[in-house]
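> Curious how this folds, go ahead:
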Amino acid sequence: MRTKEEAIAFLTERGKGTLIEHLGIVFTDVTEDGVVATMPVDKRTRQVLGILNGGASLALAECLAGSTSVLFCADDEFPVGMQVSGSHVAPAFEGDVVEGVCTILHRGKATHLLNIDIRSKNTGKLISTSRVQNFIKKK
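Numbering: from 1, shown residues only. Below you'll find the model as predicted:
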């Protein structure tokens, strides 16, 4: 079992050279049932009107869900995304930072179901909420 600091370091190292790094996602906490990370609203993640792109929100949700699932997988298993759905409920503006909180809702032998809420760090408002289902494969 990893400590919180070891888990954050593991996820950070695992994300190097991936979409996680490209989007500026930073893991900030690991809880007993999930992972927390931040992502800036900047030129990498905004759309032309200067607000967070919905696709970037879904990318953050997918990255958090995959990272959470990998922490719950055995050494001979890995998660693969099966389904994602999201609802965008408020804008986050360029210069803001959003925080995603991922919670595992179901930890089955073959699937994980995860909920991800993304909030503005500036206002605390809910920006989007997503559900992700991951299939757990054997290596």
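> Walking through the protein, point out its strands one by one.
Secondary structure of the chain by DSSP state E: the strands cover 26-31, 34-40, 77-88, 97-107, 111-120, 126-138.
> Quick check: the residue nearest the centre of the chain vs E6, distance?
Centroid check for the chain by Cα atoms, centre = their mean gives L64 as the closest residue, at 2.0 Å. Using Cβ to Cβ, to the nearest Å, we find L64 at a distance of 18 Å from E6. All C-beta atoms are positioned from the backbone trio N, CA, C, and that covers glycine.
> Same question for V70.
14 Å.
> Pick out whichever of those two has more residues nearby.
V70 (19 against 11; other Cβ atoms under 10 Å).
> Correct me if wrong: the more buried one contacts A7.
No - taking Cβ atoms under 8 Å as the definition, V70 is not a contact partner of A7, at 9.9 Å.
> Report back the residue of the protein that's furthest from centre.
Greatest distance from the centre of the chain, by Cα atoms, centre = their mean, belongs to L49 (23.7 Å).
> May I have the predicted confidence score for that residue?
Listed pLDDT for L49 reads 94.
> residues near M82, how many?
Neighbour count for M82, taken as other Cβ under 10 Å: 13.
> dump the residue contacts of it.
By Cβ atoms under 8 Å, 6 or more residues apart in numbering, the residues touching M82 are 111, 133-135.
> of all these, which comes closest to V30?
For the contacts of M82, the minimum distance to V30 (Cβ to Cβ) is 17.0 Å, reached by N134.
> ok, for the closest one, nearest residue in space, not its chain neighbours?
Once flanking residues are discounted, N134 sits nearest to P79: 4.0 Å by Cβ to Cβ, 6 or more residues apart in numbering.
> my read: that neighbour touches G66, true?
Yes - between P79 and G66 there is a contact under Cβ under 8 Å: 5.6 Å.
> who touches both of the two?
Jointly contacting P79 and G66 under the rule Cβ under 8 Å, 6+ apart are N134.
> Give me the below-cutoff pLDDT ranges for the chain.
The model of the chain has pLDDT under 70 over residues 1.
> re the thing from before, list the contacts for the residue nearest to the centre of the chain?
Neighbour list for L64: 34-35, 37, 100, 102, 114, 116 [criterion: Cβ under 8 Å, 6+ apart].
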